[in-house]
Structure formats: structure tokens, C-alpha cells
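**Student:** curious how this folds, go ahead:
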Amino acid sequence: MANKIYKATVKPVEGLEVTSHVRDFDFTLDEPLSSGGTNKGMNPIEALLSALGACETMVAKSFAKSQGILLKNVKVEVEGVFDSDGYLGKNPEAKVGFSKLTSIFYIDADNTKEEIEKYVEFITKHCPVHDTIENAPVFEDKILPYE
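**Tutor:** Okay, the predicted model is just below:
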């Protein structure tokens, strides 16, 4: 088994704005003004949607040739159904996170509809982000002194 550890370090900047550091990259996450943020970046659930769409797009491009797909272009839109009443504690029956995710694939390829449908199944099966969301990993929390 070839396990690799990935790590993101997230620190507050100001208000609800945070910065995430991964490898040699930093990016900002924030909330919109309507949610008390300063709108300097996408919020975490928007980042999750982006990560899923990016992963599916990368899998589509990476494996097209080996799967016999004559791919000209691909675009993925990801939609999530989110009931803020769960997050805000207004409705104990409402899910705190997304209740439904939908990936909409736009594929331009010289293949049959059936071949493209089979390829989309391949994409979702081989996308690590999709698998992580669909088959939740074991979660563990650790508390350490602040460095």
C-alpha cells in the first residue's frame, strides 16, 4: 500500500477570513458579506464543490485516451443542496452539510452517448474527492498546544 499524507494548515486572518497553506501554495477562504465575512474568497463549502469539480475534470482529462475517449473538451459544474437551518441550529432535523451533490458533465468527444455515459461512471469511480465524499473516511481529532 502506498499511503501518502496530505496536509493543509489553516489560520485565521481577520474576521471570518482564513488562509490555507498547502505545499507551496496559499489561498484565501472567507464568507460573503451576507454571512458576516468580507467576501475575499470562496467559502469552505464552495471550495468543496470546486475540489470535486476539479478532480472530476482532471480524471476526465487524465484517462480519456486510455479509456478510448476522443476528448475535445470537458467542463464540470457541481451543485450542492445546503439547508442553512441545519448549520445555524434552527432545525435539528436539517443536515448540517450538503444533502445532495450533483455533478453536471459537459463532454465534447467523438464517441457515442453510451461510451460517454460509461466514461462518466469511470470518472466518478476513479475521482479521489468523489470517493472521499461518498465513502466517508475515518475522522480523528487531536488537540495540541498552539505553536
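**Student:** name the residues that touch the longest helix seen in the chain?
**Tutor:** Criterion DSSP state H: the longest helix present in the chain is helix 44-63. For helix 44-63, the external contacting residues (Cβ atoms under 8 Å, 6 or more residues apart in numbering) are 29, 42, 69, 71, 74-80, 82, 97-98, 101, 103, 105, 107, 119, 122-124, 126-130, 133. For glycine as for every other residue, the C-beta is placed from the backbone atoms N, C-alpha and C.
**Student:** quick one: buried residues of it?
**Tutor:** 48, 49, 51, 52, 53, 55, 56, 57, 58, 59, 60 (16 or more other Cβ atoms under 10 Å).
**Student:** ditto for stretch 117-132
**Tutor:** 119, 120, 122, 123, 124, 126, 127, 129, 130.
**Student:** can you add pLDDT, secondary structure and distance to residue 23 and give those back as JSON lines?
**Tutor:** Listed next are the buried residues of stretch 117-132 as JSON lines, based on pLDDT from 0 to 100; DSSP: H, G, I helix; E, B strand; the rest coil; distance: Cβ to Cβ, whole Å:
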{"residue": "119", "pLDDT": "98", "secondary structure": "helix", "distance to residue 23": "30"}
{"residue": "120", "pLDDT": "98", "secondary structure": "helix", "distance to residue 23": "30"}
{"residue": "122", "pLDDT": "98", "secondary structure": "helix", "distance to residue 23": "28"}
{"residue": "123", "pLDDT": "98", "secondary structure": "helix", "distance to residue 23": "25"}
{"residue": "124", "pLDDT": "98", "secondary structure": "helix", "distance to residue 23": "26"}
{"residue": "126", "pLDDT": "98", "secondary structure": "helix", "distance to residue 23": "23"}
{"residue": "127", "pLDDT": "98", "secondary structure": "coil", "distance to residue 23": "20"}
{"residue": "129", "pLDDT": "98", "secondary structure": "helix", "distance to residue 23": "17"}
{"residue": "130", "pLDDT": "98", "secondary structure": "helix", "distance to residue 23": "22"}
